[in-house]
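Participant: my questions concern the predicted model and sequence given below.
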Amino acid sequence: MAKPRAIHKQRHAIQNIAKITKTMQMIATAKFKRTFNRAVAARPYTDRLTSLIGRLAAAAEGFEHPLLRVREPKRIAVLAIAGNRGLCGGYNSNVGRELTAFRHRAGERGVELELHASGKKLGGMLKFQKVTVAAVYRQFDDKPSYAEVDEVASALLARYAAGEFDELHVVYTKFESASRQRVVSEQVLPLQLQSEGSERPAGAPLGNTIFDPDAATILSTLLPRNVRMHLFQAFLDAAVSEQTARMVAMKAATDNARDMIKALTMAYNRSRQSLITTELSEIMGGAAALE
């Protein structure tokens with residue numbers, strides 16, 4: 001059995017760790033509330049924009065746009081979104097696994113893959129795997145701004161319109177609720193227009209709806225914005241999912257530390273009692289020897 005002093009030192013160290021993990025849990029909880037409010041606030045705008053584009057697509061018969069042009073996929077770009085920091089459970093590794101599966105699927109299709117990674121952890125993971133990465137974005141934190149996302153999205157839009165790659169996908173953790181987040185891969189480009197209502201095909205009339213300017217002109221403006229909002233929503237979902245994962249991981253770490261402290265306290269008491277019993281036996285044996 002270990003000596004009481006050694007057990008006491010170990011217990012003291014774990015108590016300090018528990019204080020740190022508890023503090024990190026509280027910080028993650030505060031950040032979760034802020035990121036959750038931003039993600040929820042942006043989603044209605046994204047959904048309404050998609051709905052409006054569906055109505056416009058139904059009115060603009062024969063509309064063509066570079067972002068709608070479907071080409072045979074020879075080169076695919078994928079943007080994977082993870083975090084800059086660890087201590088968030090399997091959040092970063094789950095994104096890495098989904099990205100690895102996406103790479104394998106692309107290899108089976110026989111297409112060239114261009115990787116864009118957001119987050120230091122994902123960038124380091126790909127570097128360790130010796131995977132070539134076109135760009136690593138480290139500026140996104142727990143509060144991504146639209147301007148930061150627009151800078152990345154605009155460059156990708158321009159390159160897609162120029163024909164430098166044929167498809168754009170995004171891999172990220174989609175936030176569905178506080179208890180459910182899942183890693184998904186979604187196609188961003190080329191855009192697929194769906195008319196509003198499953199029973200109305202694209203190009204069908206929309207009653208007395210009048211668009212001014214015409215639907216094609218409005219679509220030309222809204223399509224790039226829709227791509228930017230899609231990517232912005234992905235970054236917002238990724239941010240709130242990261243804080244959720246960190247909050248859960250730090251709570252689990254704190255609970256485990258408290259269980260270890262209880263176990264070490266019992267071990268400390270047993271070791272101390274054993275030491276006291278041994279000392280008493282030695283004293284009684286010495287006294288008996290003197291008699």
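Facilitator: Sure thing, it's come through. Just so we're clear, the structure is a prediction, and the values are computed from it rather than from any experiment.

Participant: going forward, measure contacts between C-alpha atoms and count neighbours the same way
Facilitator: Fine.

Participant: setting the sequence-adjacent residues aside, check what's closest to A238.
Facilitator: Nearest non-adjacent residue to A238, counting by CA to CA, 6 or more residues apart in numbering: T173, 5.2 Å away.

Participant: who does the one you found form a beta bridge with?
Facilitator: Going by DSSP bridges, T173 is paired in beta bridges with V183.

Participant: and the gap between it and P144?
Facilitator: 15 Å (CA to CA, to the nearest Å).

Participant: could you check which of the two has the larger neighbour count?
Facilitator: Neighbour comparison, T173 and P144: the larger count goes to T173, with 28 against 18 (by other CA atoms under 10 Å).

Participant: tell me how far the residue nearest to A238 lies from Q10.
Facilitator: Going from T173 to Q10 by CA to CA gives 37 Å.

Participant: test my guess that I261 contacts R11.
Facilitator: Yes: if you go by CA atoms under 8 Å, I261 and R11 touch, sitting 5.8 Å apart.

Participant: how about the residue nearest to A238, what does it touch?
Facilitator: Shown in contact with T173 (CA atoms under 8 Å, 6 or more residues apart in numbering): 81, 95, 181-184, 234, 237-238, 241.

Participant: again, only using 10 Å
Facilitator: Neighbour list for T173: 80-82, 91-92, 94-95, 98, 181-185, 234-242 [criterion: CA atoms under 10 Å, 6 or more residues apart in numbering].

Participant: confidence score at the residue nearest to the spatial centre of the chain?
Facilitator: Nearest to the mean C-alpha position of the chain, by CA atoms, centre = their mean, lies A238 at 3.4 Å. Listed pLDDT for A238 reads 94.

Participant: which neighbouring elements make contact with the helix or strand encompassing it?
Facilitator: Secondary structure from DSSP states H and E places A238 in helix 215-290. If you count contacts as 3 or more CA pairs under 10 Å, 6 or more residues apart in numbering; DSSP states H and E, helix 215-290 packs onto helix 4-59, strand 75-81, helix 91-109, helix 146-161, strand 167-177, strand 180-189.

Participant: which of the ones you listed has the lowest mean pLDDT?
Facilitator: For these, mean pLDDT drops lowest on helix 4-59, to a mean of 88.

Participant: tally of neighbours for K9?
Facilitator: K9 has 11 neighbours, counted by other CA under 10 Å.

Participant: what's it in contact with, if anything?
Facilitator: Q15.

Participant: measure it to Y268 for me?
Facilitator: 10 Å.

Participant: number of nearby residues for A18?
Facilitator: The burial count for A18: 21, using other CA under 10 Å.

Participant: check contacts around it.
Facilitator: Counted by CA under 10 Å, 6+ apart, A18 has contacts 12, 24, 250-251, 253-258, 261.

Participant: quick one, phi/psi of G163?
Facilitator: Main-chain torsions, G163, degrees, to the nearest 10: phi 80, psi 20.

Participant: does H65 count as helix, strand or coil?
Facilitator: The local conformation at H65, judged by DSSP: H, G, I helix; E, B strand; the rest coil, is coil.

Participant: burial count for the spatially closest residue to it that is not a sequence neighbour?
Facilitator: Nearest non-adjacent residue to H65, counting by CA to CA, 6+ apart: S220, 7.1 Å away. Counted with other CA under 10 Å, residues neighbouring S220 total 15.

Participant: any figure for the gap between S220 and N226?
Facilitator: S220 is 11 Å from N226, by CA to CA.

Participant: ok, K31 touching D142?
Facilitator: Yes: counting by CA atoms under 10 Å, D142 is a contact partner of K31 at 7.5 Å.

Participant: identify the contacts common to the two.
Facilitator: Here K31 and D142 have 239-240, 242-243 as joint contacts, going by CA under 10 Å, 6+ apart.

Participant: between the residues you listed, which is nearest P4?
Facilitator: Q243 (39.0 Å; CA to CA).
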